[in-house]
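Peer 1: Next come a sequence and a model predicted from it.
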Amino acid sequence: MTYENILNDMLSRVKSDVDKREGSIIYDALAPAAYKLAETYFLLNNYVDLFFIDTTVGEYLDKKALDYGVTRKEARKAIRKIETNGPISIGTRWGIEDLTYTITEVIDSTNYKAECNQAGELGNYYVGQLENIDNVSGITANLTDIITSGSNVESDDELRIRIKEQFINPAQDGNAAQYLKWATGYSGIGTAKVFPLWNGPNTVKIAITNSLFKPGEVALVQEFQNYIDPGNKGLGNGIAPIGSKVTVTGGTKKDINISANIALNEGYSEVIGAAEAISNYLSTIVYKKNNVSYMRIGSTLLDCPSIMDISNLKVNGLVSDVILVEDEIPVLNSLNLMVVPE
């Protein structure tokens, strides 16, 4: 129902002996109403999309998710290690780039835990010398290890996947899907794998990744352990049922080393985006596939705009898939691409 169709229909219902030309009294009286009706039809068409999981967005997707007992994962702040040349106080602030970190805990006299004041994955990225925001005299500080990764708020697409998993593989009564739902719905966890009866009756192991789909940090593992079954006692003090002894691990890192000869496309003097593309591929298969595909590695490299052709491709020194067992998490360790003449 377009504006023109609505206006013409309204004008057709006016007597023929009345002037209905543009600029006439009746035309000018009906045109605004026709415009608003057309606008309403347009909005109603869009509202229909908000009723379906595949097309709804934002807060409407949040409401739809609640129908299935699923909530969007909030952003988390990164916890980082800061090394100094002397003692500093809890609460002092330090900066790098556009980020600030606040000291939250003493590790020892020159090492501290600090929380990024900005939530999200940005808190994981930088390392190096920090700016002394609070003018602490005579102290220099460096940002080093990640203690607990920061994570972005869950995207609409990620939330849709979890909603669909809920009704395709219902989580109920402590089944394996229930444990998987508890893990993947926990802020800071990217994905997880459940091992029922892994150490005898009434035992469950859950291997988790961080939000970057890399092995979960010790702090994140302990946090989730306390959430699901504190102390691995099976006493029902967490969300796991009484009698279910749950062990949480951060998974096992599986280094992926890639080498190949490549020819560059015209206009490029170096490889651009290959490491990111490979890392993205690896993140999509964590706890979903049992192997790193040799062919997918090759096609992923060829999809990079800077690469025209590849040869002598090897993954972990072999011309074959890399098998993943148990809780192994594939992580790109090295990417050695040698540019050769065409």
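Peer 2: Noted; the coordinates are in hand. Residues are numbered from 1 along each chain as shown.

Peer 1: and the residue of the chain most remote from its centre, helix, strand or coil?
Peer 2: The C-alpha centroid of the chain is most remote from D17, which lies 65.8 Å away (CA atoms, centre = their mean). For D17, the assignment made with DSSP: H, G, I helix; E, B strand; the rest coil gives coil.

Peer 1: Need the residues that contact the longest helix along the chain.
Peer 2: Looking across the chain with DSSP state H, the single longest helix is helix 25-49. Here helix 25-49 makes contact (CB atoms under 8 Å, 6 or more residues apart in numbering) with 1-3, 6-7, 10-11, 14, 18-21, 55-56. C-betas here are computed from N, CA, C, even on glycine.

Peer 1: to the chain's geometric centre, what's the distance from stretch 247-267?
Peer 2: Relative to the mean C-alpha coordinate of its chain, stretch 247-267 is positioned 19 Å out (CA atoms, centre = their mean, to the nearest Å).

Peer 1: Tell me which residues of that stretch come out buried.
Peer 2: 247-251, 254, 256, 258, 260, 262, 264 (16 or more other CB atoms under 10 Å).

Peer 1: before we move on, what about stretch 11-19?
Peer 2: L11.

Peer 1: next one: stretch 46-60
Peer 2: Neighbour-count burial for stretch 46-60 flags 56, 60 (criterion: 16+ other CB under 10 Å).

Peer 1: Would you pull up how far that stretch lies from the middle of the chain?
Peer 2: On the basis of CA atoms, centre = their mean, stretch 46-60 sits 21 Å off its chain's mean C-alpha point.

Peer 1: Just send the buried residues of stretch 247-267 back as a markdown table, with secondary structure, distance to D67 and pLDDT too.
Peer 2: As requested, the buried residues of stretch 247-267 are arranged in a markdown table below (DSSP: H, G, I helix; E, B strand; the rest coil; distance: CB to CB, whole Å; pLDDT from 0 to 100):
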| residue | secondary structure | distance to D67 | pLDDT |
| --- | --- | --- | --- |
| T247 | strand | 33 | 97 |
| V248 | strand | 29 | 97 |
| T249 | strand | 33 | 97 |
| G250 | coil | 33 | 96 |
| G251 | coil | 32 | 95 |
| K254 | strand | 38 | 97 |
| I256 | strand | 40 | 97 |
| I258 | strand | 43 | 97 |
| A260 | strand | 48 | 96 |
| I262 | strand | 49 | 94 |
| L264 | strand | 51 | 93 |
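
Peer 1: just to revisit the earlier point, average pLDDT for the longest helix of the chain?
Peer 2: The average pLDDT within helix 25-49 is 91.

Peer 1: Use 301 as the first number for this chain going forward.
Peer 2: Fine by me, first position is 301 from now on; the one you just mentioned is helix 325-349.

Peer 1: Identify each buried residue in it, please.
Peer 2: Buried, per 16+ other CB under 10 Å, within helix 325-349: 327, 330-331, 334, 337-338.

Peer 1: Same check on stretch 436-453?
Peer 2: For stretch 436-453, the neighbour count (16+ other CB under 10 Å) marks 436, 439, 441, 443, 446-451 as buried.

Peer 1: Any idea how far stretch 526-542 is from the middle of the chain?
Peer 2: Relative to its parent chain, stretch 526-542 has a centroid offset of 27 Å by CA atoms, centre = their mean.

Peer 1: first vs last residue of that stretch, how far apart are they?
Peer 2: End-to-end distance for stretch 526-542: 14 Å, by CA to CA, to the nearest Å.

Peer 1: Stretch 586-593 too?
Peer 2: 12 Å.

Peer 1: sorry, back to before: can you flag which of the buried residues of stretch 436-453 belong to strands?
Peer 2: Among the buried residues of stretch 436-453, the residues falling in strands (DSSP state E) are 441, 443, 446-448.

Peer 1: which residues in the stretch 451-600 of the chain form strands?
Peer 2: Ranges of strands in the stretch 451-600 of the chain, per DSSP state E, counting those that start in this stretch, are 489-496, 503-510, 545-549, 552-564, 591-592.
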